[in-house]
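> The following block contains a protein sequence and its predicted model.
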Amino acid sequence: MGIKHLVAKAACFQVGNGASIRIWSDPWIPNFPGFIPTPKEGANSDLALVLQNPGCSLLNLLIGSREWFLLPPILMLTCCPLKRIAANLLPSKEIISRFNESMDLRCPLCNSAMETTLHIFTVCPFAKSLWFQSQWGLKMDVLNFDSPSEFVKFLLSPTFASNFSPSHREEFLLFGAILCDVIWKQRNRSIFENVDINLEGVAAKIFSLFVEHKSARPPLVRPQVSLAALGWNSPPRHGLKINVDAAVGPKFSVIATVTRDWRGRVVFTGSRKVNTTFPLQVEAEVVRWALTLVPDLRCDSVSVEIDSQVVANLISNSSVPPLWRIRFLCFDLRSFLSSYSNVVVSWVPRICNEAAHILAKWSLFWKFYGSFDVSFSSDCFSPIVLRESSGLV
């Protein structure tokens, strides 16, 4: 024991789980003079290597890995990003500045305020815009969260949604987790890859991921699709059917319509360029175009079919709150439908909407828009129309 002081000069702690290491007083950094880092002025000299966050006690089920199997399926999907946020473990600039006092603390997404976990996900102008564009139209700056754990608690149990069903609460949680994950990845790309911020592109990606994960959940009642429905079906006698679809490009999109009568004969086909790349808005625009054709059509009934179930539900079901981005467009379309009792908008599987789908993709690829005569249109489009009209699927 008499040589302990000599051994200590060249000894370094084995960190292990880090629970017993004091950052500024214990020797724990190999290849560092004395193995002990020098704290910046005013730093807590008794700071532990593993920080404990007592503010997360309300979220033990989310953070504690022992209870992982008790989590509902939707929470298991969203848990990874949220548990890091709740425990304030993400390496934000505020956290890193404890060990590097010379770094730039500005948020890379807004270049104004200091980057903290709460700032980047709630009050950063970039995040606020994304939250406000959601179907809930949230103004995050008025909620005044005191900690990251309080923010995650809000996602788990939103205060504005006391009358929400459990499935709607899960959808909100799913959207919030996806939004936070996409924001953090955009933040990292801005810092390490110098990627410019594209708000519209990020919003479209969040919505796309939300729809993808939401649709991956098994429905409570699986819809029964008859064999007769697996293909284009003619409208009622003396009626017209307008099939619509859209193709989204990197800088603009294309919408397409195919109108046929009850005999399967083509009345009108056409495509248009629209200056948006937000998928939901593009799909709503093509429905609007189809409905503008209705007053000039002389028929007993008009059926508009689209293979976007989300858009069809938003337009035909007035009880569903529309997304902020297309709120007024949805209201206009609902108003139009209420004044025409013989017009309906409905969802069909892609296989029943193939002609409009092919026309939209072809027009986007060749950047060619307008009205088309089936006899002189694309070789990939004409056979589809003839096959559907003849009843061959």
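Sure thing, it's come through.

> all helices in the chain, in order from the N-terminus.
4-8, 60-63, 73-86, 93-96, 117-118, 125-133, 148-156, 166-192, 199-216, 279-293, 309-316, 327-339, 354-366, 382-389 (DSSP state H).

> which stretch among the ones you listed comes nearest residue 265?
Closest to residue 265 of the helices of the chain, according to C-beta to C-beta: helix 382-389, at 7.1 Å. For every residue, glycine as well, the C-beta is placed using N, CA and C.

> Buried ones in the closest one, by neighbour count?
The neighbour-count check on helix 382-389 (16 or more other C-beta atoms under 10 Å) flags 382, 384-385, 388-389 as buried.

> And stretch 108-123, by the same measure?
108-110, 115-123.

> returning to that earlier point: mind checking which of the helices of the chain is nearest residue 301?
helix 327-339 (12.8 Å).

> low-scoring stretches of the protein, by residue?
1-24, 28-35, 39-80, 161-163, 215-230, 375-379, 390-393 (pLDDT under 70).

> Domains in it, by residue range?
Domain assignment for the chain by automatic domain parsing gives 1-50, 57-216, 233-389.

> mind checking how far the second one is from the chain centre?
With C-alpha atoms, centre = their mean, to the nearest Å as the basis, the distance from the averaged C-alpha position of domain 57-216 to the chain average is 12 Å.

> cool, and the last one?
In terms of C-alpha atoms, centre = their mean, the gap separating the centre of domain 233-389 from the centre of its chain is 24 Å.

> want to try JSON lines for the helices of the chain, with distance to residue 302 as columns?
JSON lines is the format used below for the helices of the chain (distance: least, C-beta to C-beta, whole Å):
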{"stretch": "helix 4-8", "distance to residue 302": "87"}
{"stretch": "helix 60-63", "distance to residue 302": "49"}
{"stretch": "helix 73-86", "distance to residue 302": "39"}
{"stretch": "helix 93-96", "distance to residue 302": "56"}
{"stretch": "helix 117-118", "distance to residue 302": "51"}
{"stretch": "helix 125-133", "distance to residue 302": "32"}
{"stretch": "helix 148-156", "distance to residue 302": "42"}
{"stretch": "helix 166-192", "distance to residue 302": "32"}
{"stretch": "helix 199-216", "distance to residue 302": "27"}
{"stretch": "helix 279-293", "distance to residue 302": "8"}
{"stretch": "helix 309-316", "distance to residue 302": "14"}
{"stretch": "helix 327-339", "distance to residue 302": "10"}
{"stretch": "helix 354-366", "distance to residue 302": "15"}
{"stretch": "helix 382-389", "distance to residue 302": "18"}
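
> before we move on, the earlier item: just curious, which of the buried residues of stretch 108-123 is nearest to residue 97?
For the buried residues of stretch 108-123, the nearest to residue 97 is residue 115 (9.3 Å; C-beta to C-beta).

> The closest one contacts residue 94, correct?
Yes. The criterion here is C-beta atoms under 8 Å, and residue 115 meets it with residue 94 at 6.3 Å.

> Now list whatever residues contact both of the two.
Common contacts of residue 115 and residue 94, defined by C-beta atoms under 8 Å, 6 or more residues apart in numbering, comprise residue 105.

> Now do the buried residues in stretch 332-343.
So, applying 16+ other C-beta under 10 Å, buried residues of stretch 332-343: 333-334, 336-337, 343.

> which pair in the residues you listed spans the largest distance?
Largest pairwise distance in the buried residues of stretch 332-343, by C-beta to C-beta, is 11.7 Å, between 334 and 343.

> contacting residues for the most centrally placed residue in the chain?
What sits nearest the mean C-alpha location of the chain, by C-alpha atoms, centre = their mean, is residue 206, with 2.1 Å. Neighbouring residues of residue 206 by C-beta under 8 Å, 6+ apart: 130, 175, 178-179, 182.

> swap the cut-off to 7 Å and go again
130, 178-179, 182 (C-beta atoms under 7 Å, 6 or more residues apart in numbering).

> again, but for residue 179
130, 206.

> Please report how far it lies from residue 327.
19 Å (C-beta to C-beta, to the nearest Å).

> cool, and residue 293?
Applying C-beta to C-beta, the value for residue 293 to residue 327 is 24 Å.

> again with residue 150
Counting by C-beta to C-beta - residue 150 and residue 327 are separated by 29 Å.

> and if you look at residue 336?
15 Å.

> Also residue 87?
Distance from residue 87 to residue 327, by C-beta to C-beta: 36 Å.

> more neighbours, the two?
Neighbours per residue (other C-beta atoms under 10 Å) separate residue 87 from residue 327, with residue 87 holding more: 20 against 14.
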